[in-house]
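Q: Predicted model follows, preceded by the sequence.
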Amino acid sequence: MKILGLNFGRVKGECRKYLDIALQAAQDDGAEVELINTINLNISRCIGCGACSRNSREKGQQIRCVVKDDYQMVLDAILDADSIIVAAPVYVLAPTGQLKNLTDRIGPAHDRAAVVKEYYKRVDPVPDPADPRFLKQRDECGIVEPLDPRVLKKWKVAYISVGGARDHHWVSLGLLQMKFFGFPLNMHLVDELDIHGAHGDSPRVQMFRQRAAVLGHNMAAALGKHPRDIAFCGDDLGICPTCHGRMITVTRGTKVECPLCGITGQLSIVDGQIKVSFPLHEQDRSRLAFGGLLEHTNYGNLVSPPRQ
Ligand SMILES: Cc1cc2nc3c(=O)[nH]c(=O)nc-3n(C[C@H](O)[C@H](O)[C@H](O)COP(=O)(O)O)c2cc1C
């Protein structure tokens with residue numbers, strides 16, 4: 001069982017320090033760990049050619065990006081791992097662009113709902129070309145190659161966002177946007193850390209270091225477990241029950257939406273406090289849940305139920 005640490009900060013920077021602590025804690029608990037520093041890698045942006053989806057879903061090939069750079073190596077490491085810890089610095093209120101480049105390259109092509117559909121399409125029974133009286137799996141007949149089984153893994157993920165600023169409003173989109181990385185692959189969110197205002201050897205730094213070790217232990221403990229048996233370990237349950245974010249979009253009247261999950265909820269004032277509730281049927285439609293991904297994949301041939 002392997003935990004991969006992806007560092008998007010400097011090689012000897014703050015993200016790396018917290019990530020090292022988390023990986024060491026996980027290793028102490030018996031996990032195999034690997035670290036990739038991405039800062040000097042060449043992960044260029046997605047050029048939107050659509051080849052990765054076209055080749056796999058129409059031509060029956062593997063999910064392959066045609067842009068040749070370091071992306072392939074990072075993707076392989078992700079596919080080989082069972083859990084991922086991503087650490088990224090906040091640049092201009094949001095995670096550094098290198099993480100977005102990777103997310104754009106990997107995410108849409110590996111969207112779990114689309115991948116699951118394609119995987120099972122390839123094992124559909126069809127008449128065996130050698131003896132049409134019998135059925136054989138489509139991929140066994142050589143009609144299409146089986147999809148790399150690693151794409152069906154159910155990864156667990158944790159995020160460490162690190163900003164240099166003192167106040168939270170200078171890191172406001174950091175942690176939230178990091179979660180773009182895991183949602184298309186339907187990674188199960190285990191833990192998160194939103195670090196800011198921690199400098200030198202201050203008590204706050206000590207506190208975050210200890211918390212990074214706890215995050216590593218939590219990730220090790222989650223290895224091999226079914227997601228339903230893993231409680232979210234983050235310190236803040238947030239407002240949205242599926243991504244645990246605190247950001248909401250007020251759409252109309254008292255209707256609100258989670259910008260990350262896409263689910264609709266209701267805002268009210270109870271005893272002078274703002275209360276936001278998201279009904280269970282909406283939570284099932286979250287982009288972080290398989291149901292939400294499936295709804296998006298089926299846009300073309302399904303009329304989705306109207307939003308409440
Ligand atoms: C271009 C740039 C933009 C930054 N913008 C922010 C910001 O908006 N908010 C913040 O808290 N820190 C910001 N920082 C500081 C970094 O988040 C901080 O130095 C962090 O520790 C860098 O991670 P690293 O040490 O792992 O490389 C910025 C740094 C750079 C280089």
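A: Nice, I can see it.

Q: ok, and the closest non-adjacent residue to whatever residue of the chain ends up closest to the ligand?
A: Using C-beta to the nearest ligand atom, residue 9 is the residue of the chain that sits closest to the ligand, at 2.1 Å. Using the backbone N, CA and C atoms, a C-beta is placed for each residue, glycine as well. Leaving aside its chain neighbours, residue 9 sits nearest to residue 15 (3.0 Å; criterion: C-beta to C-beta, 6 or more residues apart in numbering).

Q: and the helix or strand harbouring the one you found, anywhere near the ligand?
A: Applying DSSP states H and E as the criterion places residue 15 in helix 14-28. Yes - counting by C-beta under 6 Å from any ligand atom, the ligand has neighbours in helix 14-28: 14, 15, 16.

Q: Out of these, which is nearest to residue 243?
A: Residue 243 has its nearest neighbour among these in residue 15, at 21.0 Å by C-beta to C-beta.

Q: thought that closest one was touching residue 88?
A: Yes - here residue 15 reaches residue 88: they are 6.3 Å apart, a contact under C-beta atoms under 8 Å.

Q: list residues touching both of these two?
A: By C-beta atoms under 8 Å, 6 or more residues apart in numbering, residue 15 and residue 88 have these common neighbours: 8, 9, 160, 162.

Q: Give me the buried subset of those residues.
A: For the shared contacts of residue 15 and residue 88, a burial check counting by 16 or more other C-beta atoms under 10 Å picks out 8, 9, 160, 162.

Q: Just the residues you listed: which are in helices?
A: Assigned to helices by DSSP state H, none of those qualify.

Q: okay if I get those residues as CSV plus distance to residue 122?
A: CSV is the format used below for these (distance: C-beta to C-beta, whole Å):
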residue, distance to residue 122
8, 34
9, 39
160, 37
162, 41
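
Q: next structured bit after the helix holding residue 15?
A: That would be, after helix 14-28 and using DSSP H and E, strand 32-37.

Q: Return the alpha-carbon coordinates of the next helix or strand after that next one using PDB.
A: Beyond strand 32-37 in the direction of the C-terminus, DSSP H and E gives the next helix or strand as helix 51-57. C-alpha atoms of helix 51-57 as PDB (Å, rounded to 0.1, in the frame of the first residue of the first chain):
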ATOM      1  CA  ALA A  51      -7.200  13.100 -28.000                       C
ATOM      2  CA  CYS A  52      -7.200  11.400 -24.500                       C
ATOM      3  CA  SER A  53     -11.000  11.100 -24.500                       C
ATOM      4  CA  ARG A  54     -11.400  10.400 -28.200                       C
ATOM      5  CA  ASN A  55      -8.700   7.600 -28.300                       C
ATOM      6  CA  SER A  56     -10.000   5.900 -25.200                       C
ATOM      7  CA  ARG A  57     -13.800   6.300 -25.600                       C
END
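
Q: Just give me how far helix 51-57 sits from the chain centre.
A: 21 Å (C-alpha atoms, centre = their mean, to the nearest Å).

Q: quick one on the thing from earlier: next, the angle strand 32-37 makes with the helix holding residue 15.
A: Note on geometry: by axes from the mean of the first three to the mean of the last three C-alpha atoms, to 10 degrees, helix 14-28 and strand 32-37 are set 170 degrees apart in direction.

Q: for helix 14-28, packing partners?
A: Packing partners of helix 14-28 (3 or more C-beta pairs under 8 Å, 6 or more residues apart in numbering; DSSP states H and E): strand 2-7, strand 32-37, strand 83-91, strand 156-162, strand 188-195, helix 203-222.

Q: which outside residues touch it?
A: So helix 14-28 is contacted by 3, 5, 7-10, 33, 35, 37, 85, 87-89, 158, 160, 162, 164, 193, 195, 198, 208-209, 212-217, 219-220 (C-beta under 8 Å, 6+ apart).

Q: Would you pull up how far that helix lies from the middle of the chain?
A: Centre-to-centre, helix 14-28 and its host chain are 19 Å apart (C-alpha atoms, centre = their mean).

Q: Could you pull out the buried residues of it?
A: 14, 15, 16, 17, 18, 19, 20, 21, 22, 23, 25, 26.

Q: Next, the angle from it to strand 2-7.
A: 170 degrees.

Q: Return the most buried member of the helices and strands packed on helix 14-28.
A: For these, average neighbour numbers computed from mean count of other C-beta atoms under 10 Å are highest in strand 156-162, which has a mean of 27.

Q: Direction included, what does that one pair up with?
A: Using DSSP bridges, strand 156-162 pairs in its sheet with strand 83-91 (parallel), strand 188-195 (parallel).

Q: Distance to the ligand and mean pLDDT for these - can I get that in a markdown table?
A: Shown next, in a markdown table, are the strands paired with strand 156-162 (distance: least, C-beta to the nearest ligand atom, whole Å; pLDDT from 0 to 100):
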| stretch | distance to the ligand | mean pLDDT |
| --- | --- | --- |
| strand 83-91 | 3 | 98 |
| strand 188-195 | 8 | 98 |
